[in-house]
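J.: Here is my input, please return the structure:
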Amino acid sequence: MKASINELVGFSFCPKFYEQGGHVAPLTDYALLVRQIVEFAFRHDMESGGKFSWARFEKKWKSLCEASVVEFTQKEFNQSILLLTKLYDWYTDVNGEVLAVNYSMSSSLVYGHQLVSEIPVVIQTAGKVDLVFILNSTLNENLLFVEPSVRYTSVVLNEDLPVNKIYVLAVGPIRLLSALEMKPTNRYFESALLDFASVMQSMQIKTTYPNTSSCITCPLVSVCEAVNVR
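T.: Model prediction:
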């Protein structure tokens with residue numbers, strides 16, 4: 001079976017949510033700004049072999065903000081520069097050869113299944129690859145590395161290219177940024193691979209059931225046929 005990462009995330013959230021046409025929440029407009037500046041900077045690295053200066057980084061950020069649908073007060077823009085400083089420090093600490101920016105992945109078959117996904121940045125280090133993901137922030141940062149778009153994309157790519165490190169930039173609604181990294185273990189990949197195969201198999205045979213633990217945050221809960229049976 002072939003599926004997109006958005007389909008896989010939706011089904012993992014709740015099979016009934018997926019069956020009823022639910023869509024996972026996209027990146028916020030502010031998180032999209034962060035993704036744009038990150039991809040712009042690493043594309044520069046890929047083409048030039050060197051890092052962006054702070055002055056050029058800040059100038060690009062200002063131009064992105066001016067063209068964005070996000071409306072900034074002067075105070076909010078000043079706060080965003082504080083976030084940008086943290087982001088630039090993280091960016092300059094990331095080493096390796098940039099292999100791809102905004103990489104569209106169409107995987108080889110894994111347990112008979114194929115995944116279509118996107119990775120903002122792929123970096124080569126010592127014969128392996130480091131992956132950069134950008135997500136909306138959550139209340140529990142420990143859950144970011146098991147978020148399906150990160151976990152399943154990483155494990156499927158690892159079948160073809162060994163993954164050395166995973167970076168997650170979590171962007172909050174009030175100009176907050178968490179830059180996290182993890183070196184995945186064999187146990188992480190083994191568990192993720194089994195879960196990936198199980199979810200894809202369930203999608204293929206159209207197994208549907210309500211994941212009631214997701215109801216509290218589900219945008220379809222008021223109309224869901226599974227929980228509104230009266």
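
J.: okay, CA-based contacts and neighbour counts for the rest of this
T.: OK.

J.: can you give me how far the longest strand seen in the chain is from the chain middle?
T.: In the chain, with assignment by DSSP state E, the single longest strand is strand 114-125. Mean-position distance between strand 114-125 and its chain equals 10 Å (C-alpha atoms, centre = their mean, to the nearest Å).

J.: can you check stretch 93-100 too?
T.: For stretch 93-100, the distance to the chain centre is 17 Å (C-alpha atoms, centre = their mean).

J.: Tell me which stretches of this protein form strands.
T.: Going by DSSP E, the chain shows strands at 2-4, 97-106, 114-125, 128-136, 163-171, 177-182.

J.: lowest average confidence, helix or strand, in this protein?
T.: helix 15-19 (a mean of 86; mean pLDDT, DSSP states H and E).

J.: what's it packed up against?
T.: helix 5-13 (3 or more C-alpha pairs under 8 Å, 6 or more residues apart in numbering; DSSP states H and E).

J.: what sits up against the helix it packs on?
T.: 17-19, 22-24, 115-117, 148-149, 153, 199-200, 203, 211, 214 (C-alpha atoms under 8 Å, 6 or more residues apart in numbering).

J.: how does it look with 6 Å?
T.: Tyr18, Val24, Val116, Ser117, Pro148 (C-alpha atoms under 6 Å, 6 or more residues apart in numbering).

J.: relative to strand 114-125, how tilted is it?
T.: 110 degrees (axes from the mean of the first three to the mean of the last three C-alpha atoms, to 10 degrees).

J.: in helix 5-13, what's buried?
T.: Neighbour counts using 16 or more other C-alpha atoms under 10 Å place Ile5, Asn6, Glu7, Leu8, Val9, Gly10, Phe11, Ser12, Phe13 of helix 5-13 among the buried residues.

J.: Dump the C-alpha coordinates for it into PDB.
T.: Presented in PDB, the C-alpha positions along helix 5-13 are these (Å, rounded to 0.1, in the frame of the first residue of the first chain):
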ATOM      1  CA  ILE A   5       2.500  11.000   5.700                       C
ATOM      2  CA  ASN A   6      -0.600  13.100   6.300                       C
ATOM      3  CA  GLU A   7      -2.800  10.100   5.800                       C
ATOM      4  CA  LEU A   8      -0.700   8.100   8.100                       C
ATOM      5  CA  VAL A   9      -0.700  10.800  10.800                       C
ATOM      6  CA  GLY A  10      -4.500  11.100  10.500                       C
ATOM      7  CA  PHE A  11      -5.100   7.400  10.800                       C
ATOM      8  CA  SER A  12      -2.700   7.200  13.800                       C
ATOM      9  CA  PHE A  13      -4.600  10.000  15.500                       C
END
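
J.: centre of the chain versus it, how much separation?
T.: 13 Å.

J.: For it, what does the pLDDT average out to?
T.: The predicted model assigns helix 5-13 a mean pLDDT of 91.

J.: Repeat that for stretch 191-211.
T.: Here the average pLDDT along stretch 191-211 is 90.

J.: can you dump the C-alpha coordinates of it into CSV?
T.: Extracted in CSV, the C-alpha atoms of stretch 191-211 (Å, rounded to 0.1, in the frame of the first residue of the first chain):
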residue,chain,number,x,y,z
SER,A,191,9.5,-0.2,17.6
ALA,A,192,8.8,2.4,15.0
LEU,A,193,9.1,-0.1,12.1
LEU,A,194,6.7,-2.5,13.7
ASP,A,195,4.2,0.3,14.4
PHE,A,196,4.5,1.6,10.8
ALA,A,197,3.8,-1.8,9.3
SER,A,198,0.9,-2.3,11.7
VAL,A,199,-0.7,1.0,10.9
MET,A,200,-0.3,0.6,7.2
GLN,A,201,-1.8,-2.9,7.3
SER,A,202,-4.8,-1.5,9.2
MET,A,203,-5.2,1.2,6.6
GLN,A,204,-5.0,-1.3,3.8
ILE,A,205,-7.7,-3.6,5.1
LYS,A,206,-9.8,-0.6,6.2
THR,A,207,-9.8,-1.4,9.9
THR,A,208,-11.7,1.5,11.6
TYR,A,209,-12.4,2.1,15.3
PRO,A,210,-12.5,5.2,17.5
ASN,A,211,-9.4,6.1,19.4
